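# fold the following.
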Amino acid sequence: MKKFNIRKVLDGLTAASSSSSSSATAQPGSGRDSDVIQETLQSEHFQLCKTVRHGFPYQPSSMAFDPVQKILAVGTQTGALRLFGCAGVECYCQHESGAAVIQLQFLINEGALVSALADDSIHMWNLRQKIPAILHSLKFSRERITYCHLPFQSKWLYIGTERGNIHIVNVESFTLSGYVIMWNKAIELSTKTHPGPVVHISDNPMDEGKLLIGYECGVVVLWDLKCKKADCRYNYDEAIHSVAWHHEGKQFVCSHSDGTLTTWNIRIPAKSAQIITPHGKQPKDGKKPEPCKPILKVEYKTTRVGDPFMVLSGGLSYDTVGRRACLTVMHGKSTTVLEMDYPIVDFLTLCETPYPNDFQEPYAVVVLLEKDLVLIDLGQIGYPIFENPYPLTIHESPVTCCEYFVDCPSELIPALYSVGSRQKRQSYSKKEWPISGGNWGQGTQSYPEIIITGHADGSIKFWDASALMLQVLYKLKTAKVFERARSKEEKANTEIVEEDPFAIQTLSWCPESRMLCVAGVSAHVIVYRFSKQEVTTEVVQLLEVRMQCEFNGGDSPDPGGEQTPTLPTQGASSSPQESEPPTQPSTGSNSSDGPRDNIPCLQVRSSPLKQSPGYQVELVIQLVWVSGEPPQPITSLAINSSYGLVVFGNTNGLAVADYLQKTLLLHMGTSELYSPSDPYQRQPRSPRKVRQPSGATCDSNDGSNTSEDRCKSPTSGSTSPCNSDDERKQKFIEKVKFKSRRFSKTVANDFAKMSRKISSSSEQKTDLDARDNTFTRSRSSSVTSIERESREAISSFHFCESYPRKSDSVVSPCLLVGTTQGTVMMVALSMPPGGDQRLQQPVGISSCGSMVTLKGGILTMALLDAAGALLPPSYEPWYDPNASDEEKEKSRRRRPASPPSSQDGPDPQFAVLCSEKQAKVVAMPSQTRIYKHSITETSFVLRADVVQMGGANCIACFCANGHIMTLSLPSLRPLLDVNYLPLTDMRIARTFCFSHLGQALYLTSPTEIQRLTYSQETCDNRQEMLSELFTPVETPEAPNRGFFKGLFGGGAQSLDREDLFGETGAGKASRSLAQHIPGQGGMEGMKGAASGVVGDLARARIALDERGQKLGELEDRTAAMMSSADSFSKHAHDMMLKYKDKKWYQL
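As a prediction, the model looks like this:
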């Protein structure tokens, strides 16, 4: 990635930017608030760079293995290279062209890799440095590359082309040899057709001078390299896909397009020694078996004791329609078919020896699938698979959301691992993972890091991301809480999404208390507690919430129409003891004659739920259908363990639930939050007073209400502070009507994609359109998509202890609410005393009105104290809910409240607010703006977080135009602005997240997580943190030829390829055939890696090498000039002799 040095620019613009966008906008008299805070973060503390990429290589296309270094390389269709060693050893590289990698070849035990791309270029990668780089490249211009072969311990690379020719490249200098095998010389002269592209090249294991060439048409040629002619030709009617040698070099096997395997003796080219169809039905009359699907690849591996192994992919019969891809292992008389979950891209048989002329002794097969990597143990009965140590299951179900937590409590990762280890399968191979090369990095980072991913199937995965590694800790399946639809008809009646109804949309997690809250696309919220003990829940606690649109038209509200319920009246029951949690699923109206009403999108499980150790369901909250209108997707979510509250919002407003008392405290429209209200005139209550088969929801006053009464607000017949001020509400209605606030297009698109298609019945619109013409406040399905987007949705929450009102002098529990229109509102929370009273007395809630307005939707909010330190939300330390009462009492210690502060002197808090366009810092409790900064004018911010770094705080932002920026706090000075990654996919916007200590990540493809850092310190230490791919390993000894083989010449025949392919023996190749491109990773990579005394020695050696290389070049040029002079002298002498005795008239 190109680096941008913006430090000097930013330092020069600091004063101007702070005066124009920050200090100039400070309110009078507020300068003293910021003078006491010394900002330590400067632009030199920031630098952006990628650190590591995790996950399965997206769209894999090729694979190679180094049997000595034990390193696996995987190439992709996008030009990426992923290298894997032992657990924790991973590396990512990228070809600049982005062309697909068609083949990979290791220089075994040399620390180098050759890649061939679909754009007809080959590249040499240096793996001896922590960040591999290209040493040389060669771009072919006249022929297309189809196959490559590099013999073991050889520097000459064979390259087959689409025209059927074979070129030879010196991998040390990356120059072409003049030795070329032309297709018309390889095939028989009588052949009238072109043999097709080269699909296979290999040398005879026992004779390096004999090259086996396979052409697509079915012709195989054994070429004599010394004599430059074809020794034998083997013809078969069907196209060839692959060829494999027996280690003795006397036989080879071909796989064909009709599902057959042909075995040939090299001395008998006229007829194949054997033809078999592994999956073909053998007719009784002895006829040829029915053709099968092509066998795409075959490998033939021998053992010292026992029968050889023949491994192949494909070849199934055509009548197995819909059958999954299979790998077939033939060992002796047994044939084992192993079904794979995804199509097979490639496979390799791992053997004990790198020498092709020795017994191979295969011990495993590595199978590269389209979406998985599988290793099969050939040494155990049943061929079990190895347990994969790499984090390749990120995409097991598509990732829908992602969160990143840095510097978590130290006991959290062991706790998650202990409960997650019980979920693993027990049928793995008992052997260790055979891909075991490389060494871990020696990083200095020791803080725990956790990544949480939410998936489309409703699962949530916790990952240990410490020290640039990634390992799955625990998997939670939220779909277990619900009944699964058994038929399409049942699914169409209730669910609002066509597929993946359990998909996770957003989540909120408190690492200290281990409380987890998730929201799904079916408008459901689930609260989880962490426990180390297994429990069986007889009845899942359920709340059903009826949230409806505030109004559609601009007229005054109709008291008799349907209204958004706010809070129950005083007469409603507020004691949880008087109410009983519902046990029966809701059975609201769902007839075909009328609109669906009071029906949740998913059916909660009615049978007892066995919950394993880990996260266990505490409460389920569901939004229900209202008058044929589906519930709106949940746009924001937050949980606080200290208060025992969970809050969520959407385009219809917000709702607050008490998960300790299992009651709904409040749900109101967004407009009602603008008006301050008195909390003591309204009391919370349980959502359902009695069990009723009619399924009364949170909108009902009495369990015996009819459905018509249930649709009304409980406060519609009484006066309440939030709707008694008709003048204020009318002004607000006119304000919305004429100001035409607009829903953020980014958020709207994201929610539309997440929730997929809303299934609204067009048959119900006729009757409801008439209602819409009366401009009443009734909600109906006639609300258009444009009207939906124009609603003001809740975009963010933040629990805190602050000053709810300007007049307050003591901090108290509060909730900051941000909307998509840029408004920040404050909600005061009145918490009852702890202990038993907390479970009996209700929580008081009151809206304190609007605090400040920004441009664009609110993305994040935070609080700083008077010294500029971040004030995190209060939390309750974790305790096991299933433990004994004594253990609970010991562990249930709440965090001490902040000491009360007086308003004498400076404001003791600063509220940090960031939207899609702006950032503001507001002093509390005066609510005066002291700093303001315009982040972007032409784009918008996708993700913003207030993070800690280097003992200070800053705002980190990611914009849709690809810029990553950081702003200081509280002055909002720009510290970093790098054009990193333009938004090309909604997946990036949905998964990008910042964390503390300069860490960030996003989903770069459907299967891969890219981690990056914006910390200069981490960038400087990256070399130490990265793992090493190459480790010095001694090459195994060559197989012993034996006395008799050495005496009678029966052993392997060597070949001096240098004399045969070198410039002296073969001449120079045509310059127009390929162009040599020097790479960037040679000397520069070594210079960058060298340091200290060893680095000085390395640099001296490099200098000597460079000097020697220059002297060698000078010597070559001198020799060339001498040769040219000799040639000129010879020609001049010949001319003189020719015309010496001739007269002038004979010339």
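# now Pro356, nearest residue through space, not along the chain?
Distance criterion C-beta to C-beta, 6 or more residues apart in numbering; nearest residue to Pro356, sequence neighbours excluded, is Pro205 at 4.2 Å. Glycine gets a C-beta too; all of them are placed from N, C-alpha and C.
# now do Pro873
Distances taken as C-beta to C-beta, 6+ apart put Phe799 closest to Pro873, at 4.3 Å, once the chain neighbours are dropped.
# ok, that neighbour - contacts?
If a contact means C-beta atoms under 8 Å, 6 or more residues apart in numbering, then Phe799 has Ala638, Asn640, Ser642, Tyr643, Leu645, Pro813, Cys814, Leu815, Leu816, Pro873, Ser874 as its contacts.
# just give me the neighbour total for the first one.
Neighbours of Ala638 under the rule other C-beta atoms under 10 Å: 22.
# the last one now?
A count of nearby residues for Ser874, using other C-beta under 10 Å, gives 19.
# tell me if I'm right that it and Ser513 touch.
No. Here Ser874 does not reach Ser513: they are 10.0 Å apart, not a contact under C-beta atoms under 8 Å.
# overlap in contacts, the two.
Counting by C-beta under 8 Å, 6+ apart, the contacts common to Ser874 and Ser513 are Ser642.
# so what's the model's average confidence on stretch 791-800?
Mean pLDDT, computed over stretch 791-800, is 92.
# dump the host helix or strand of Cys954 to CSV, keeping only the CA atoms.
Using DSSP states H and E, Cys954 sits within strand 952-959. Provided in CSV are the C-alpha atoms of strand 952-959 (Å, rounded to 0.1, in the frame of the first residue of the first chain):
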residue,chain,number,x,y,z
ALA,A,952,-5.2,9.7,25.4
ASN,A,953,-8.5,9.7,23.4
CYS,A,954,-9.4,10.5,19.9
ILE,A,955,-12.2,10.0,17.4
ALA,A,956,-11.5,7.5,14.6
CYS,A,957,-13.7,7.8,11.4
PHE,A,958,-14.0,5.8,8.2
CYS,A,959,-15.7,7.7,5.3
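# helices and strands around that strand, which ones?
In this structure, strand 952-959 packs against strand 909-915, strand 941-949, strand 963-968, with contacts taken as 3 or more C-beta pairs under 8 Å, 6 or more residues apart in numbering; DSSP states H and E.
# the shortest one: which residues count as buried?
Burial within strand 963-968, assessed by neighbour count using 16 or more other C-beta atoms under 10 Å, is assigned to His963, Ile964, Met965, Thr966, Leu967, Ser968.
# so the first one is in contact with Leu981, correct?
No. Under the criterion of C-beta under 8 Å, His963 is not in contact with Leu981, lying 9.0 Å apart.
# returning to what we had before: among the buried residues of strand 963-968, which two are most distant?
His963 and Ser968 (16.8 Å; C-beta to C-beta).
# run through the bridge partners of the residue nearest to Pro873.
Leu815 (DSSP bridges).
# state the distance from it to Ala869.
Phe799 is 18 Å from Ala869, where distance means C-beta to C-beta, to the nearest Å.
# and Gln1010, by the same measure?
Using C-beta to C-beta, Gln1010 is found at 31 Å from Ala869.
# between these two, which one's more packed in?
Per other C-beta under 10 Å, whichever of Gln1010 and Ala869 has more neighbours is Gln1010, with 21 against 14.
# which stretches in the stretch 51-200 of the chain count as strands?
60-66, 71-76, 80-84, 90-94, 101-107, 112-117, 121-126, 133-140, 145-149, 156-161, 166-170, 175-181, 198-204 (DSSP state E, counting those that start in this stretch).
# the stretch 551-700 of the chain now?
609-611, 614-623, 636-640, 645-650, 653-658, 663-668.
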